[in-house]
Every structure is written in structure tokens, then in C-alpha cells.
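Engineer: Sequence and predicted structure, then a few things I'm wondering about:
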Amino acid sequence: DAKTTQPTSMDCAEGRAANLPCNHSTISGNEYVYWYRQIHSQGPQYIIHGLKNNETNEMASLIITEDRKSSTLILPHATLRDTAVYYCIVSLNYGGSQGNLIFGKGTKLSVKP
Amino acid sequence: GAVVSQHPSWVICKSGTSVKIECRSLDFQATTMFWYRQFPKQSLMLMATSNEGSKATYEQGVEKDKFLINHASLTLSTLTVTSAHPEDSSFYICSASRPIGVRNQPQHFGDGTRLSIL
């Protein structure tokens, strides 16, 4: 079973920030938080990951709470192309490479014009 | 960036035939590749972990004699669905991970293969 809990669906207006929450209250000390998204009929796309510090890249920002029991993925300016299912996954990082991924149901984000 | 390529993108075949799906890492060597299956309106389910030069590790409930995995090189893993039946119709997706020791390398996924068995 997935070790994360996400809302089933969310809507966001185009151009606004999309904030996707994820609960991972049973995360262990050596597990990372990874975010992927899946656009319809495609393979998952890696977005970002982190251990305990907040992270930012060209796609998104990841905010991890101090107790690491939850996190938020932020898409700063959502576009229609960001409509997808977003998966929050906790996974071990074996010497730098990712361990097994267990996908939950994710959050279906719909960006509306 | 890292690119994982899957072939074919879709395949339709008759019940009883075997189908081979290829997964290639195009710009990095992958000692480990993963095979997933996704049924309509469901999430991805890990089928097996493919390790270069050794036998694949299958998840519980996945028949290793039906889903043959070969990872003969650092850039290619194949999944063969043997004697496919309509219930094997699904979206098959592979992913690849850089070798252990390369810092902060997440899995990268192919675009999937949609398999339809008539």
C-alpha cells in the first residue's frame, strides 16, 4: 500500500499557483519525498524530490514540514498543460539512486482557463 | 536530461500470441530497470525489478513464466508477455535508474506501451 495520502482531485485557475498537499506521517528518516505527474496516456514524469529541506527547480517547488510528516508541491503559475495526475511517493534513496516506487491514487489536478 | 524509450507504443494482437516490449535508456547506463502495469482508471503497479546480468525480481502475484524479463545490457530491458490473453490488455510502463552511487538520480519513465489482446 502507498504510504502517502493525497486529495483525490483539485482545480486551479490558469496562471495561479497550484498547491498540492501530501501527508506521509509514517515516513522514515532515510526516505525521500518524490513527486511525479502523469498526463493522460503517458508515462510518469519526474518533477522534484527532497529529504528535509525545501527544494526548487524549473518545474516546481517542494515544501517539506519540519517534522517531515507532510509536504506541498507548488506549481507557481499553472498552465493548461499542467493538467495531470500528481503522485507523491516516499522512497529510499540507495546511495543516490531511487528505490522501489509505490504509486497511490494521486491527485487529479485540473487547470481551468 | 535522461531519456527512456519504449517500443512499441501500442500493439494489438490475437489471443495466444507472445508480445515483446523493449525499454531503452538512451543517454545513461541503467543497472536497474522497473516494469509497471496500469489498468484503466487505476494507478501504476510494480510488476518486477530488472537487474542487468541477473534474474529479475517479481512482485507477489506476478507470474514470472508469463512475463519474461531480460536485461542483457546496461541500456536495454525487454518484457515478453507470453501467450497473451485479453486480461493481459493493459498499459505497460518501464522506468530506469542510474547506477547506485550517482547522486540524486530519480527513476525516469518511458511513455508506455498500450497492449490490446483480441
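Structural biologist: Perfect, I can see it now. Numbers count the residues shown, from 1 in each chain, chains lettered A, B, ... in the order given.

Engineer: which residues touch residue 90?
Structural biologist: Because you didn't say which chain, this covers chain A. A:3-4, A:24, A:27, A:31-34 (C-beta atoms under 8 Å, 6 or more residues apart in numbering or on different chains). C-beta here means a position set from N, CA and C on the backbone, and glycine is covered the same way.

Engineer: hmm, I had chain B in mind actually
Structural biologist: Residues in contact with B:Ser90 (C-beta under 8 Å, 6+ apart) are B:37-39, B:115.

Engineer: Skipping its backbone neighbours, what lies nearest the residue in chain B that chain A sits nearest to in space?
Structural biologist: Of all residues in chain B, B:Phe109 sits closest to chain A, at 3.6 Å by C-beta to the nearest C-beta. Distances taken as C-beta to C-beta, 6 or more residues apart in numbering or on different chains place A:Gly43 nearest to B:Phe109, at 3.6 Å, with adjacent residues excluded.

Engineer: SS state for the one you found?
Structural biologist: Secondary structure, DSSP: H, G, I helix; E, B strand; the rest coil: A:Gly43 is coil.

Engineer: Strands of the chain, start to end?
Structural biologist: Unless you meant another one, I'm taking chain A. Using DSSP state E, the strands assigned to chain A run over residues A:9-13, A:18-23, A:31-38, A:45-50, A:55-56, A:61-64, A:70-75, A:84-94, A:97-98, A:107-112.

Engineer: oops, chain B please
Structural biologist: With strands called from DSSP E, chain B shows them at B:4-7, B:10-13, B:19-25, B:32-38, B:45-51, B:57-58, B:67-73, B:76-81, B:90-97, B:108-109, B:113-117.

Engineer: in the first one, what counts as buried?
Structural biologist: When you say that, I think you mean strand B:4-7. Residues B:4, B:6 are the ones in strand B:4-7 that count as buried (16 or more other C-beta atoms under 10 Å in any protein chain shown).

Engineer: same thing with the last one?
Structural biologist: Buried residues in strand B:113-117, defined by neighbour count with 16+ other C-beta under 10 Å: B:113-115, B:117.

Engineer: out of those residues, what pair is the most spread apart?
Structural biologist: Greatest spacing in the buried residues of strand B:113-117, by C-beta to C-beta: B:Thr113 and B:Ile117 (12.6 Å).

Engineer: Sweet, I'm off.
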